[in-house]
Structure formats: structure tokens, C-alpha cells
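> Please find the sequence and the predicted model below.
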Amino acid sequence: MPAYRTDRSYDWNYRHGPCLTGPRPLVPATPLKDFLGIAVRSRLGIAAGLLLNARWIEAYARLGYDILTYKTVRSLRRDCQRMPNWVFLDPARVDPLDPGQRFRLAAARPRGTAPAFCSVSFGMPSKEPALWMADVARARQALGRGQALVVSVVASPGPGAGRREMVEDFARLTAMAREAGAQAIEANLSCPNVLTPEAQIFNDAALSAEIAAAMRRAARGRPVLLKVGHIPDDGTLRRFLRRVAGKADALTMVNGFSRPVLDRKGRPAYGPGRESAGILGRDIFAPCVDIVGRAARHIARERLDLALVGVGGVDGPDRAAAYFAAGAEAVEMGSAPSFDPGLAIRLKAAHPEW
């Protein structure tokens with residue numbers, strides 16, 4: 001049974017999860033390292049998505065994940081999309097870079113800690129600010145020495161809102177997250193299963209830079225990260241890096257791929273109006289580590305003030321090592337820790353230098 005019960009609602013998992021059983025394993029002792037100016041026991045963590053609240057943060061902190069990202073929050077309450085929200089895909093034919101490919105549901109759910117190829121469609125839900133701010137404070141208190149709390153935020157533009165309102169909302173959320181106890185704040189500029197404007201901000205380099213600059217002012221010395229989607233064209237990637245360098249401290253790459261997801265009969269798996277959703281898991285590894293490597297080369301060549309956090313398809317030491325070799329400052333996991341909670345322990349045992 002995964003830690004996130006895919007057969008239960010988001011609110012059920014928020015109230016009752018994570019579903020972790022058995023004795024708490026021993027976490028290897030590792031020396032302190034630097035992550036964007038924060039002392040951490042490892043540069044291994046969990047990306048925004050799985051850690052729904054302070055209870056989830058505390059559980060995974062005790063399992064040795066040291067960079068923990070609180071699931072994306074908003075300046076207003078937003079309910080989760082209807083179930084299903086997390087489904088498993090058939091990996092028989094996989095090319096995440098093919099925008100025309102349609103992914104089909106697997107015939108059976110994977111068992112145990114088998115690497116999962118899956119899709120999610122939550123819609124970036126959020127509790128109201130008073131609730132999540134108090135909960136972020138509890139999450140911060142639950143962390144041990146050498147662990148860092150990152151809070152993911154996203155603007156919620158209303159009808160007719162423009163760029164200014166978008167930027168101001170990100171800045172306001174940054175100040176709220178900082179006040180609640182975040183040690184770093186991440187702007188979610190890419191969501192593969194949301195159709196409103198905040199889902200694809202990373203495609204607008206100028207707006208991304210404005211948001212980063214406003215967040216940096218509101219963060220008052222805390223690191224600012226931008227989570228972005230896949231940028232296939234090298235020229236576009238280079239222009240984006242130039243725009244945000246010196247404003248954001250780091251980029252988190254990559255936030256899944258938006259692709260059509262069908263059931264076994266060829267119908268939209270999530271129902272009408274939700275034909276496309278986020279694709280994630282081990283089968284997106286190759287394009288994700290590739291873009292981290294390309295971004296790192298551009299940053300080094302132009303001496304840009306920007307770090308990289310790699311995410312996508314990490315389910316073992318070899319894949320984490322590939323991200324570090326490509327130039328990542330840290331490596332985060334998305335879906336794997338739900339199926340394999342002890343992954344960080346094994347990574348730290350094999351590579352205490354991480």
C-alpha cells in the first residue's frame with residue numbers, strides 16, 4: 001500500500017495520511033552540507049506534491065529526507081479536483097517528449113515498491129491561508145537539525161487579473177510563507193494538470209523574472225526557487241536562464257509533462273474536461289536529467305548566479321547520481337517516496353557525501 005492512498009480522496013489523505021507502517025528505520029548519520037545557504041544533512045528531498053501537511057513533513061523527515069517541500073499553497077482556498085487524482089500507466093510505449101502521445105491506464109496497479117509510471121491530476125488544491133500558515137509553523141517545528149522546509153506557492157489570478165496582480169500575489173504568498181516558518185520559498189510556475197494562467201508561467205521568461213524579483217524582496221534573505229516545466233528548445237532555455245538569474249536563487253526542474261491520459265477503452269481517464277494530466281515516475285527520467293544538464297552548461301558558460309534542483313524519475317542511487325553529475329545542487333523525488341519510503345535511507349547509506 002503506498003503512503004498516499006490513491007483509492008481515497010485528497011481530503012482523506014490530508015486527514016489520515018501518510019499510510020506508513022512498521023518500525024521506524026535507522027537513518028544513517030551524515031555530515032552537514034550546504035543547500036542555498038541552509039545547513040542540511042543531505043541534498044536529498046521531496047518535491048512539492050506528496051507532502052500535504054505537517055504530519056506528512058514530519059513522517060518523511062524521520063525517514064531521512066532532508067529538503068522537504070510543503071505542497072503548493074494559495075492565497076485562497078481551492079478544492080481538489082474530483083477523483084481519480086492519481087492513476088497508474090502502461091509503460092509499454094513511453095516517449096514523454098512526444099506531445100501527440102496518448103498514455104493508457106495500466107491493467108493492474110504495481111505492487112510493493114516497484115517503480116511506478118503514473119499520472120496525477122489534483123489541480124493545485126490549497127487550504128485557506130490561516131490554516132496552512134499554522135500548519136507550516138508546525139511542520140517547521142517538526143524538523144530536526146540539518147533539515148530544510150521549503151514552501152511551494154502559486155498565485156490565484158481572478159477573472160480579468162493581469163501581470164501586476166499575478167506578481168503581487170506571489171509576493172504576498174512569499175511573505176506569508178516566510179512568516180509561517182519557511183526556510184525557502186518555491187514558486188510553482190508549472191502545473192501540468194491546471195488549465196488556468198498560473199499553470200504555465202514559466203513559458204513567459206519576463207513574467208517569471210518579475211515574479212522572482214518580487215519574491216526575493218518579500219523573502220527577506222530566504223532563498224527563492226522557481227519550479228518550471230520542460231523547455232525543449234536550447235535558445236528558449238538560455239533566454240529563460242538569463243532572465244531569472246540573479247533574481248531567483250535556484251530552479252527546480254522538471255515539473256512533469258502534460259499529456260492525454262486514456263482509460264483502457266480510449267476514454268479520458270479523469271473524465272471530460274480533464275483529458276490531459278501530469279505524467280511522472282521513472283519513465284520521465286531521461287528528458288528531465290537532460291534538461292538539467294543543458295541548463296547547467298548554459299549557467300557555467302555564462303557564469304550565471306543560479307543553482308539547479310533536479311527532479312524526475314529518481315528511484316535509486318544511479319539516477320540520483322546522474323542528476324548530481326549533470327550539475328544539480330540537490331535532488332528531489334516526487335512519486336517514488338510514496339511507494340518506497342526508505343529510498344532516502346538507502347541513498348544516504350550508499351552516498352553519505354550527498
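Ah, there it is.
> Against the centre of this structure, work out the most remote residue.
Distance from the centre of the chain peaks at residue 265, with 30.8 Å (Cα atoms, centre = their mean).
> Model confidence score at that residue, please.
Residue 265 is assigned a predicted lDDT (pLDDT) of 90.
> how far away is it from residue 276?
From residue 265 across to residue 276, the span is 18 Å (Cβ to Cβ, to the nearest Å). Heads up, the C-betas are built off the backbone N, CA and C, glycines and all.
> where does the residue farthest from the centre of the chain land in three-state SS?
coil (DSSP: H, G, I helix; E, B strand; the rest coil).
> Got the phi and psi for residue 119?
The phi/psi pair for residue 119 (degrees, to the nearest 10) reads phi -140, psi 150.
> pLDDT below threshold where in the stretch 201-350 of the chain?
For the stretch 201-350 of the chain, applying pLDDT under 70 flags no range at all.
> if you go through it in chain order, where are the strands?
In the stretch 201-350 of the chain, the strands defined using DSSP state E, counting those that start in this stretch lie at 224-228, 250-253, 257-262, 276-281, 307-311, 330-333.
> I'd like to know which of the ones you listed is closest to residue 122.
strand 276-281 (8.6 Å; Cβ to Cβ).
> sec struct for residue 187, please.
strand.
> where's it relative to residue 273, distance?
Distance from residue 187 to residue 273, by Cβ to Cβ: 26 Å.
> Ok, residue 344 next?
37 Å.
> out of these two, which sits in the busier spot?
residue 344 (27 against 8; other Cβ atoms under 10 Å).
> any idea where the strands of the stretch 51-200 of the chain begin and end?
Under DSSP E, counting those that start in this stretch, the stretch 51-200 of the chain gives strands at 67-73, 86-88, 103-104, 117-120, 148-153, 184-188.
> which helices and strands sit right next to the shortest one?
If I follow you right, that is strand 103-104. strand 257-262 (3 or more Cβ pairs under 8 Å, 6 or more residues apart in numbering; DSSP states H and E).
> Now do the strand it packs on and strand 276-281, the angle between them.
Relative orientation of strand 257-262 and strand 276-281, computed by axes from the mean of the first three to the mean of the last three Cα atoms, to 10 degrees: 110 degrees.
> quick one: buried residues of strand 257-262?
257, 258, 259, 260, 261, 262 (16 or more other Cβ atoms under 10 Å).
> now stretch 290-306
Counting neighbours by 16+ other Cβ under 10 Å, the buried set in stretch 290-306 is 290, 291, 292, 293, 294, 295, 296, 298, 299, 304, 306.
> do stretch 92-104 as well
94, 96, 103, 104.
> and if you look at stretch 82-93?
83, 84, 85, 86, 87, 88, 89, 91.
> The fifth one pairs with what?
Counting by DSSP bridges, residue 87 forms beta bridges with residue 119.
> correct me, but it touches residue 105?
Yes: between residue 87 and residue 105 there is a contact under Cβ atoms under 8 Å: 5.7 Å.
> joint contacts of those two?
Residues within reach of residue 87 and of residue 105 at once, by Cβ atoms under 8 Å, 6 or more residues apart in numbering, are 261, 269.
> May I see the buried residues of strand 257-262 organised as TSV, with distance to residue 213 added?
Formatted as TSV, those follow (distance: Cβ to Cβ, whole Å):
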residue	distance to residue 213
257	28
258	27
259	32
260	36
261	36
262	41
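> From these, pick the one nearest residue 37.
For these, the nearest to residue 37 is residue 257 (31.4 Å; Cβ to Cβ).
> So what pairs up with the closest residue to residue 48 other than its chain neighbours in the strands?
Leaving aside its sequence neighbours, residue 48 sits nearest to residue 152 (Cβ to Cβ, 6 or more residues apart in numbering; 3.7 Å). Bridge pairing for residue 152 (DSSP bridges) gives the partners residue 186.
> how close does residue 152 sit to residue 88?
24 Å.
> swap in residue 329?
The value you get for residue 329 to residue 88, if Cβ to Cβ is used, is 31 Å.
> which residues does the residue nearest to residue 102 when sequence neighbours are not counted form a beta bridge with?
Of all residues not flanking residue 102 in the chain, residue 260 sits nearest, at 4.4 Å (Cβ to Cβ, 6+ apart). Applying DSSP bridges to residue 260 gives these bridge partners: residue 276.
> In contact with residue 260, which residues?
101, 102, 103, 268, 275, 276 are the contacts of residue 260 under Cβ under 8 Å, 6+ apart.
> so the last one touches residue 258, yeah?
Yes: contact status for residue 276 versus residue 258: in contact at 5.0 Å, counting by Cβ under 8 Å.
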